[in-house]
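give me the fold of what follows.
(2 chains)
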Amino acid sequence: DAKTTQPNSMESNEEEPVHLPCNHSTISGTDYIHWYRQLPSQGPEYVIHGLTSNVNNRMASLAIAEDRKSSTLILHRATLRDAAVYYCILDFGNEKLTFGTGTRLTIIP
Amino acid sequence: KAGVTQTPRYLIKTRGQQVTLSCSPISGHRSVSWYQQTPGQGLQFLFEYFSETQRNKGNFPGRFSGRQFSNSRSEMNVSTLELGDSALYLCASRLAGGPSTDTQYFGPGTRLTVL
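Numbering: from 1, shown residues only, chains lettered A, B, ... in the order given. Reported below is the predicted structural model:
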């Protein structure tokens, strides 16, 4: 399975944008890039996903590098409720998500 | 639409016992996956069921088993419990499985403690 690499932790001030990076240098052409987040004492929650083009939804934006070897999750205006562990995952459609260690995001009031 | 529900939410067992966890997927979802989450190993995939058939399996011993019923509800069983089985067990459902545009929706998990 293709692997992803993320920083262990990041901090951001409240109401500022947050850019969470993910490296996936061994990604294959059919792998989708998914982002999930896990708030304390909850199961993971879907954030966004994409294949080649940049994607936007109400929660976040996903910027995918042209070579697809890296991507960045963008939270446009962080709130305290965005404090969570963010997972970048490659999904090649076999229903098995391989989670890495994720990035623990701390929001500073 | 109700989310994924898991019962029980908390469970305490002793070594050697067996345990059964239950998961009810979102209505209409036919794929159910199970994950184990521990502080040391993170989130690890256990297995996935679709239309009552196991389609995919992670690297766990045979003590871990599961099944899916015709209404898509799923159960996971762990026999001969070990201390290392203490973990948060998460269930996730998705509509059909296969295409990677299909999002997985996770339940709140069952916290199992083995004494």
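
low-confidence stretches in the chain?
No chain was given, so I picked chain A. Judged by pLDDT under 70, chain A has its weakly predicted residues at A:1-2, A:92-96.

was after chain B, sorry
Using pLDDT under 70, the flagged stretches of chain B are B:1, B:97-101.

please list the residues of it that sit near chain A.
B:4, B:31, B:33, B:35, B:42-45, B:48, B:50, B:55-56, B:58, B:90, B:92, B:94, B:97-101, B:103-109 (Cβ under 8 Å from any Cβ of the partner chain). C-beta coordinates here come from the backbone N, C-alpha and C atoms, glycine included.

out of those, which sit inside strands?
Using DSSP state E, B:31, B:33, B:35, B:42-45, B:48, B:50, B:55-56, B:90, B:92, B:94, B:105-106 are the members of these that sit in strands.

what subset of those is buried?
B:31, B:33, B:35, B:42-45, B:48, B:50, B:55-56, B:90, B:92, B:94, B:105-106 (16 or more other Cβ atoms under 10 Å in any protein chain shown).

how would you label B:Gly84: helix, strand or coil?
helix (DSSP: H, G, I helix; E, B strand; the rest coil).

give the contact list for it.
B:Val114 (Cβ atoms under 8 Å, 6 or more residues apart in numbering or on different chains).

correct me, but A:Leu62 touches A:Ser70?
No - A:Leu62 is beyond contact range of A:Ser70, at 11.5 Å (criterion: Cβ atoms under 8 Å).

compare these two and say which is more crowded by neighbours.
Per other Cβ atoms under 10 Å in any protein chain shown, whichever of A:Leu62 and A:Ser70 has more neighbours is A:Leu62, with 22 against 19.

so which strand or helix has the more buried one?
According to DSSP states H and E, A:Leu62 maps onto strand A:61-64.

to what extent is A:Met10 buried, counted in neighbours?
16.

tell me the bridge partners for it.
A:Leu105 (DSSP bridges).

tell me how far it lies from A:Lys69.
20 Å (Cβ to Cβ, to the nearest Å).

again, but for A:Gln42
31 Å.

the helix or strand following the strand holding A:Leu62 packs against which elements?
As assigned by DSSP H and E, the chain's next helix or strand after strand A:61-64 is strand A:70-75. Packing contacts for strand A:70-75, counted by 3 or more Cβ pairs under 8 Å, 6 or more residues apart in numbering or on different chains; DSSP states H and E, involve strand A:18-23, strand A:45-50, strand A:61-64, strand A:84-91.

parallel or antiparallel, list what pairs with the shortest one.
Sheet pairing here is set by DSSP bridges, and for strand A:61-64 it gives strand A:55-56 (antiparallel), strand A:70-75 (antiparallel).

tell me the angle of the last one relative to strand A:18-23?
This means strand A:70-75. 160 degrees (axes from the mean of the first three to the mean of the last three Cα atoms, to 10 degrees).

buried stuff in strand A:70-75?
Those would be A:70-73, A:75, for strand A:70-75 by 16+ other Cβ under 10 Å.

so how far is the helix or strand containing B:Leu88 off the chain centroid?
Element membership for B:Leu88 (DSSP H and E) is strand B:87-94. Using Cα atoms, centre = their mean, to the nearest Å, the distance from the centre of strand B:87-94 to the centre of the chain it belongs to is 5 Å.
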